[in-house]
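1. Provided below for reference: sequence and predicted model.
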Amino acid sequence: GAKIHDDRARFDPTVDMKLRAVLLLAAICVAPHVAVSADDACADETCASHLNDLRGVLANAEDVADYVVRLRRELHLQPELMWTEHETSAVVKRELTAMGVSFEEISAPGVVATIGSGSAPVVALRADMDALPVTEESDIPLERRSQIPGKMHACGHDGHTAMLLGAAKVLKSVEPQLRGTVRLVFQPAEEGGAGARRMLEDGLRDMTPPIESSFALHNWPYPETPSGTVGTRSGTIMAGSGSFEITFTGAGGHAAVPHKNVDVVVCGAATVMATQTIVSRLTDPLDSALVSTTIFKAGGEASNVMGDVAVLAGTFRALDKRTFEWLHGRIEHVAKLTGAAHGCDVDVDFFPVTSNGVRREEYPPTVNDVKAAVLASSVAASMFGDDAVVDVSPVMPAEDFSFFAEEWPSAMMWLGAYNVTAGATWPLHSGKYVLDESVLHRGVAMHVAYATEYMSTGFRG
């Protein structure tokens with residue numbers, strides 16, 4: 001990770017309270033488009049004051065930077081898979097209690113904290129908490145790596161959780177000046193368990209006063225978003241995703257007499273190839289989609305024995321929701337016709353169960369609301385400068401924040417975290433992944449700024 005500077009001011013809620021109060025006051029001048037300079041957009045005295053307020057948010061976030069890094073490192077040591085994030089949840093509740101922030105459990109181990117006036121407008125800030133079944137091989141000191149064999153925060157959700165706790169610390173320090181209510185959503189089971197949807201079903205959508213908008217960050221360790229930048233876009237930003245598991249049942253036997261058997265390996269291989277034509281020959285070239293077979297299991301240990309069963313598994317994705325739904329039918333159609341041609345029985349399961357007994361869920365595409373994306377880009381430009389805000393292209397990874405985006409006008413933003421010096425060049429879900437800790441305070445600032453701007457001005461600009 002990146003070096004933490006020892007001379008960085010530590011958080012003290014009694015220091016510079018006047019500044020913290022001022023930065024939360026409303027000013028009605030949100031830059032109308034990310035391409036507009038924050039300085040150019042603020043020609044009058046009121047807007048110039050507003051710009052200074054948002055830059056003050058960044059200073060407040062820097063005050064809690066060491067706190068956020070310390071929490072992130074604590075969480076990194078003890079990663080927990082989806083729906084088992086009990087120790088992570090305990091850390092969240094411990095910190096919220098120490099801050100004097102009220103909270104409740106929704107979809108335990110999920111936690112929802114509340115800061116503010118208790119009245120409308122209400123904005124939700126979300127962080128996911130779960131880790132991945134990945135063995136850590138990163139090039140960080142051994143004592144800071146995952147202490148749980150076969151589990152790792154390889155997607156940076158430890159950083160997401162720590163940033164939202166940092167935002168809670170800043171927001172709590174100015175709670176009397178908040179012009180509305182902030183719900184801080186610490187969500188379990190993003191990595192395939194649809195924890196966001198469960199939280200909605202279990203009461204998040206019914207909280208009063210109701211949530212009006214939501215915002216989330218995801219660290220993004222790729223060259224297009226180097227550390228120090230943020231990126232978002234209006235419309236679809238991430239694909240919808242689903243899983244498939246196809247089981248072929250034939251008739252095994254001695255490999256020397258294949259004509260007396262029903263060969264599931266040949267059938268499975270033919271299906272792998274046939275499914276590739278779904279995208280290459282049946283999908284509009286301008287409509288991004290993919291079907292990838294990533295697992296092929298068949299046979300046993302003996303090379304002269306043909307097995308009875310073969311199992312294929314993989315993922316399918318699309319940026320358009322209609323295309324995503326259409327892929328289901330095409331995958332099943334191809335698998336069953338190929339199976340019939342080879343004399344195999346076929347079963348297609350779109351909700352396979354993981355090795356730890358959890359069903360993998362489907363996620364719709366993540367679609368950013370236009371006004372929410374403009375708001376996020378505008379406050380980012382005001383704090384970090386116009387050059388630090390990237391208009392990104394949509395990508396094929398998926399996020400269950402998509403369920404929140406279907407519920408309320410929302411924005412998903414990427415926190416640039418590609419840093420050669422910090423060793424943060426490995427992709428998400430890699431065992432070598434490293435999170436650049438020097439950017440975490442920027443994530444705190446984005447959470448706070450989005451919430452306070454929305455409560456002050458809504459989507460007016």
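-> Arrived safely.
2. For the helix ranked longest in the chain, which residues meet the burial criterion?
-> When the chain is parsed with DSSP state H, its longest helix is helix 321-341. By neighbour count on 16 or more other Cβ atoms under 10 Å, the buried set for helix 321-341 is 323, 324, 326, 327, 330, 331, 332, 334, 335, 336, 338, 339. Quick note: C-beta positions are derived from backbone N, CA and C, even for glycine.
3. what does it rub up against?
-> Residues outside helix 321-341 that contact it (Cβ atoms under 8 Å, 6 or more residues apart in numbering): 239-240, 242, 244, 246, 248, 267, 270-271, 274-275, 277-278, 282-283, 287, 289, 291, 316-318, 345-346, 348, 350, 364-365.
4. distance between the ends of stretch 350-366?
-> 20 Å (Cα to Cα, to the nearest Å).
5. ok, now stretch 392-407?
-> 23 Å.
6. That stretch: which residues count as buried?
-> 392, 394-407.
7. repeat for stretch 122-131
-> 122, 123, 124, 125, 126, 127, 128, 129, 130, 131.
8. I'd like the average pLDDT over that stretch.
-> Averaged across stretch 122-131, the pLDDT comes to 98.
9. name the helices or strands packed onto the helix or strand hosting residue 92?
-> Per DSSP states H and E, residue 92 falls inside helix 86-99. Where contact means 3 or more Cβ pairs under 8 Å, 6 or more residues apart in numbering; DSSP states H and E, helix 86-99 is packed against helix 65-77, strand 102-105, strand 111-116, helix 157-173.
10. okay if I get the ones you listed as TSV plus mean neighbour count?
-> Listed next are those as TSV, based on neighbours: other Cβ atoms under 10 Å:
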stretch	mean neighbour count
helix 65-77	20
strand 102-105	14
strand 111-116	23
helix 157-173	27
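11. for these, which one sits closest to residue 95?
-> helix 157-173 (5.1 Å; Cβ to Cβ).
12. just the angle between that closest one and helix 86-99, please?
-> Using axes from the mean of the first three to the mean of the last three Cα atoms, to 10 degrees, the inter-axis angle of helix 157-173 relative to helix 86-99 is 20 degrees.
13. tell me the mean pLDDT over helix 157-173?
-> What helix 157-173 shows for mean pLDDT is 98.
14. Equivalent analysis for stretch 241-248, please.
-> 97.
15. any idea which helix or strand of this protein has the worst average confidence?
-> helix 17-23 (a mean of 36; mean pLDDT, DSSP states H and E).
16. Distance of residue 271 relative to residue 258?
-> Note on residue 271: its distance to residue 258, by Cβ to Cβ, to the nearest Å, is 18 Å.
17. Comparing these two, which residue is more hemmed in?
-> residue 271 (27 against 13; other Cβ atoms under 10 Å).
18. Surely that one is in a helix?
-> Yes - under DSSP: H, G, I helix; E, B strand; the rest coil, residue 271 sits within a helix.
19. doesn't residue 247 make contact with it?
-> No - checked against Cβ atoms under 8 Å, the pair residue 271 and residue 247 is beyond contact range at 11.1 Å.
20. mind listing the helices for this structure?
-> Counting by DSSP H, the helices of the chain are 17-23, 38-41, 45-63, 65-77, 86-99, 157-173, 195-201, 264-282, 321-341, 370-384, 401-407, 440-457.
21. returning to what we had before: so for the longest helix of the chain, mean pLDDT?
-> Helix 321-341 comes out at a mean pLDDT of 98.
22. list the contacts for residue 309?
-> Residue 309 neighbours (Cβ under 8 Å, 6+ apart): 247, 248, 249, 250, 264, 298.
23. now those residues in JSON lines, with distance to residue 307 and neighbour count?
-> Shown next, in JSON lines, are these (distance: Cβ to Cβ, whole Å; neighbours: other Cβ atoms under 10 Å):
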{"residue": "247", "distance to residue 307": "12", "neighbour count": "20"}
{"residue": "248", "distance to residue 307": "10", "neighbour count": "29"}
{"residue": "249", "distance to residue 307": "10", "neighbour count": "16"}
{"residue": "250", "distance to residue 307": "8", "neighbour count": "24"}
{"residue": "264", "distance to residue 307": "6", "neighbour count": "27"}
{"residue": "298", "distance to residue 307": "5", "neighbour count": "21"}
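24. Kind regards, and thank you for your time.
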